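# got a sequence here, can you model it:
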Amino acid sequence: MYFLNNTIKARIAICCLLVLCSFKGYAQSLSAMEIAGEPASRVAENILDSGPEQTTIADRILPFGHNLFNGGFTSEREDGLNPDYLIVPGDNISISIWGALNHSSILTVDPQGNIFVPDVGPVAVGGVPNYNLNKTVQAAVRTVFTDNVKVYTSLNGSRNVAVFVTGHVTQPGRFAGIPSNSPLFFLDKAQGIDPVSGSYRKVRVIRGNQTVAEIDLYRFLSEGYLPTLQFKDGDVIHVEKRGAVVTVTGDVGVEAKFELLGETLSGRDIMDLVLPSAGVSFVGISGLRNNQPISEYLQITDFLETQLRGGDELNFSVDNHDNVIVVELEGSFMGPSRYVVPNNTRLIQLLDHIEVDLELTDVSSISIKRKSIAERQKSSLNNSLQRLEARYLTANSQTDAEANIRAQEAQMISEFVARARTVEPDGRLVVSENGRYADITLQNGDVVNIPSKNESILLSGEVLIAQAMLYRSGHSALDYIKRSGGFSQQADKDRIILVHANGEVTADATAKVRPGDEIIVLPKVPVKNLQIASVIVDILYKIAVAASVAVQL
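Numbering: from 1, shown residues only. Okay, here's the model as predicted:
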């Protein structure tokens, strides 16, 4: 291994096991066949068991678009005076003419689509867009009065129409509106499409015996498209029976039942509707093919080309079985500080490809900072702090003097607990001893510490002068403490912690001190209650081991 050879500088050998995290486009997929060493079909059966519980989950999923009809399309009044509105019989038009002819009145469009203008005659306005109404009337008036005549018209209001809403809606009926109301207005009047039996994809507008419009509400929901339509009296909006559906759950933005227009729907089409979460890598599929149950667990790339059928249940998953992990380096080394490696990479495999200067680097004191260990240390520390608070609060005072003492202790313990809660363990894992390494498997987020050679000894805690000193061969921890002025008045001379450069911790003041070590002197515990004192001592040791610091009392 280059890292361990007695050369001044080791060389980085880029191999198939390691790639720099800055290398873009790196991807390695784990096939379903490799998960937990089981065949894909067996894994899928474990995940997508089509038992009663899975059926219950599917039953609670509502159809895509179920929240479309909640009164939002009927809450605002419409007057039909938009520019594109087409004039129909029964509409009222205000007309004013001045100049060669003076006339002002409100005229009603007759069944033939005309208004009768005095001294001019009938003017055809039926089917004329509202924006073109004034121009149409003005042109008709000027066929009679060619000079010195001005015309102004406006649509006062549109005639109401009655539209039937039938089929699979919540409340079928006959509803009043205006011709320019959208189909959604009348569907909302009928309290929306029946969530169990109604189709959101097959809505027809029928006039007489002819279908004048077909509406797919999925297009409206996903693209904003709605056919342009002007209703007439007696029109029918018919919602057909729901077709086959695919149920989608899991790591998606929209959990819903999605209706198929035909017999199949591609995975690519469903992806456009469900809004998968970032990192989704697998889709579980359960359903029937040729009357036989099937269960599959597919990568996203394979799922896109899959043809789905009615009754299929899909579960999108951000699979946690990552193929690669990210490992960071800190300390004395050359080259990049972050590596993306296969998830079964071991420590020595990584070290074998790290370039270091052996004159500056202490390769015998490598350690690892691991998030999971830091979390366990933090949890253990918090448990001890909670136990300290619980035991102290339940302690009884027999006399007034004792109560006063406990009041002082309460303030001291409260301040100590507050300081201790701010300590963040580093999760140090000792992996080196006497120049040998434990060849452990690395985990995602590991930080490999490669320390520089250090000829100093750091003293902290309850010493008279906290300082760094040059290493002297053969000196013990007590020798260094004497050289720093000795113990402070609050020092507990029996509780001396020695933290080695590789993360190893000993509580023996006579242990051999090595270059780069830290000596921590813990404080006395000024509490008479032995149980509480023992808890505080336990906390002090945990902090010293987890974070290499001494918290004062």
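
# CA only for contacts and neighbour counts going forward, please
Noted.

# ok, G126 touching N92?
No: contact status for G126 versus N92: not in contact, 11.8 Å apart, counting by Cα atoms under 8 Å.

# give me the common contacts of those two.
V109 (Cα atoms under 8 Å, 6 or more residues apart in numbering).

# shaky segments in the stretch 51-200 of the chain?
Low-confidence segments of the stretch 51-200 of the chain (pLDDT under 70): 51-59, 75-81.

# in it, which spans are helices?
52-60, 133-141, 183-189 (DSSP state H, counting those that start in this stretch).

# run through who's touching the last one.
Contacts to helix 183-189, defined as Cα under 8 Å, 6+ apart, come from residues 69-74, 163, 165, 169, 175, 177, 193, 237.

# show me the shaky parts of the stretch 351-500 of the chain.
Counting by pLDDT under 70, the stretch 351-500 of the chain shows low-confidence ranges at 391-403, 405-406.

# any idea how this protein splits into domains?
Structural domains annotated on the chain: 38-63+250-317, 92-157, 164-241, as defined by automatic domain parsing.

# same list (those) but as a markdown table, adding mean neighbour count.
Below are those laid out as a markdown table (neighbours: other Cα atoms under 10 Å):
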| stretch | mean neighbour count |
| --- | --- |
| domain 38-63+250-317 | 17 |
| domain 92-157 | 16 |
| domain 164-241 | 18 |
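
# need those domains in CSV (columns: distance to K524).
Below are the domains of the chain laid out as CSV (distance: least, Cα to Cα, whole Å):
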stretch, distance to K524
domain 38-63+250-317, 52
domain 92-157, 91
domain 164-241, 69
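
# of those domains, give the one that comes closest to K369.
The closest of these to K369 is domain 38-63+250-317. By Cα to Cα, the value is 26.1 Å.

# what residues are up against the residue nearest to I93 when sequence neighbours are not counted?
Closest residue in space to I93, ignoring its immediate chain neighbours: L155 at 4.7 Å, by Cα to Cα, 6 or more residues apart in numbering. Applying Cα under 8 Å, 6+ apart, one finds that L155 lies in contact with L81, D91, N92, I93, S94, N130.

# what segments of the stretch 251-400 of the chain are strands?
For the stretch 251-400 of the chain, the strands defined by DSSP state E, counting those that start in this stretch cover 256-259, 264-266, 282-289, 292-299, 307-309, 313-317, 324-331, 338-342, 367-369.

# quick one: those strands as TSV, columns for distance to N209 too.
Putting the strands of the stretch 251-400 of the chain into TSV (distance: least, Cα to Cα, whole Å) gives the following:
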stretch	distance to N209
strand 256-259	27
strand 264-266	30
strand 282-289	39
strand 292-299	43
strand 307-309	33
strand 313-317	39
strand 324-331	63
strand 338-342	67
strand 367-369	76
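
# L429 is nearest to which of those strands?
With Cα to Cα as the criterion, L429 lies closest to strand 367-369 of these, at 5.1 Å.

# pick the one among the contacts of L155 closest to P336.
Proximity of these to P336 was ranked by Cα to Cα; the top entry is L81 with 67.7 Å.

# distance between the ends of stretch 519-538?
18 Å (Cα to Cα, to the nearest Å).

# all numbers from here: first residue = 729
Sure thing, new numbering starts at 729, so read that last one as stretch 1247-1266.

# give me the mean pLDDT for it.
If you average the pLDDT over stretch 1247-1266, you get 75.

# likewise stretch 1035-1051?
Averaging pLDDT along stretch 1035-1051 gives 82.
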